[in-house]
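[1] Turn this into a structure:
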Amino acid sequence: MKATQQLKNEHEGVKVMLNILEQVCRQLEADGTLNEEHFDGILEFLKVFVDKCHHGKEEDLLFPALIAAGIPEDGPIAVMLEEHEMGRNYVKSVNDDYATYVGGDKSASKTISKIVLAYITLLRNHIEKENNVLFVMADRLLSEKKQDELYEGFERIEEERIGAGKHEEFHGLLKRLSRLYLI
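    Numbers count the residues shown, from 1 in each chain. You can find the predicted model right below:
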């Protein structure tokens with residue numbers, strides 16, 4: 001499998017989680033309630049799978065390989081990096097407001113919902129840009145050998161940053177929450 005295909009496959013899981021998160025937000029807006037166990041799992045997915053693992057693969061390995069292959073650092077890669085940072089800021093804000101919510105201030109639900117919806121929009125647009133522009137460029141510019149090297153590096157990142165079995169746990173979380181929220 002090409003390294004870019006692995007990233008596209010991960011995007012599919014992220015899109016499912018964004019759909020779940022959108023439904024969680026609708027429920028939060030409707031009645032001000034949030035299933036804390038579910039939301040804890042969602043936040044862990046966003047922090048660990050999306051940011052540490054997926055974005056880590058791109059930032060540490062794919063983007064440098066693309067720069068070495070001739071894509072200007074201040075072009076699409078700069079946009080992707082800026083969007084990664086925006087996503088991190090959204091998740092940090094949601095995490096902070098969620099702590100306020102869990103601490104008893106249920107009025108934080110309005111802010112949580114607003115930030116989550118902005119995050120969902122950001123990530124959906126980001127994924128489209130990567131899948132349809134950046135990864136197309138990567139497939140054109142990177143040799144099969146380089147794709148193989150990246151794939152091996154991606155596997156190492158996954159093992160080091162999230163650990164053995166965690167990827168499967170996240171897939172289990174996606175399945176459980178999909179059954180509950182995406183009927």
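[2] hang on, isn't residue 147 packed against residue 2?
    Yes. Between residue 147 and residue 2 there is a contact under CB atoms under 8 Å: 4.7 Å. The way it works is simple: take the backbone N, C-alpha and C, and place the C-beta from them, glycine included.
[3] Common neighbours of the two, please.
    Residues touching both residue 147 and residue 2 (CB atoms under 8 Å, 6 or more residues apart in numbering) are residue 139.
[4] And the helices in the protein?
    3-31, 36-44, 56-57, 63-68, 76-102, 108-129, 135-141, 144-161, 166-181 (DSSP state H).
[5] Mind exporting the C-alpha coordinates of the second one to CSV?
    Output of helix 36-44 as CSV, limited to C-alpha atoms (Å, rounded to 0.1, in the frame of the first residue of the first chain):
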residue,chain,number,x,y,z
GLU,A,36,-19.1,12.3,29.2
GLU,A,37,-17.8,8.8,28.6
HIS,A,38,-18.4,9.2,24.8
PHE,A,39,-16.9,12.7,24.7
ASP,A,40,-13.8,11.6,26.6
GLY,A,41,-13.3,8.9,23.9
ILE,A,42,-13.9,11.4,21.2
LEU,A,43,-11.4,13.9,22.6
GLU,A,44,-8.8,11.1,23.0
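[6] quick revisit: tell me which of the helices of the chain sits nearest to residue 50.
    Counting by CB to CB, residue 50 lies closest to helix 3-31 out of the helices of the chain; the figure is 5.8 Å.
[7] So between residue 147 and residue 2, which is more surrounded?
    residue 147 (20 against 16; other CB atoms under 10 Å).
[8] In contact with the more buried one, which residues?
    The contact partners of residue 147, taken as CB under 8 Å, 6+ apart, are 2, 3, 4, 139.
[9] Top of these by number of neighbours, please.
    Most neighbours among the contacts of residue 147, by other CB under 10 Å: residue 3, with 26 neighbours.
[10] Identify the farthest-apart pair in the contacts of residue 147.
    3 and 139 (9.5 Å).
[11] if we can go back for a sec, can you say which of the helices of the chain is packed in most?
    Greatest average neighbour count among these goes to helix 56-57 (a mean of 21), per mean count of other CB atoms under 10 Å.
[12] Which elements pack onto it?
    With contacts taken as 3 or more CB pairs under 8 Å, 6 or more residues apart in numbering; DSSP states H and E, helix 56-57 sits against helix 144-161.
[13] run the last query once more with 10 Å
    Judged by 3 or more CB pairs under 10 Å, 6 or more residues apart in numbering; DSSP states H and E, the packing partners of helix 56-57 are helix 3-31, helix 144-161.
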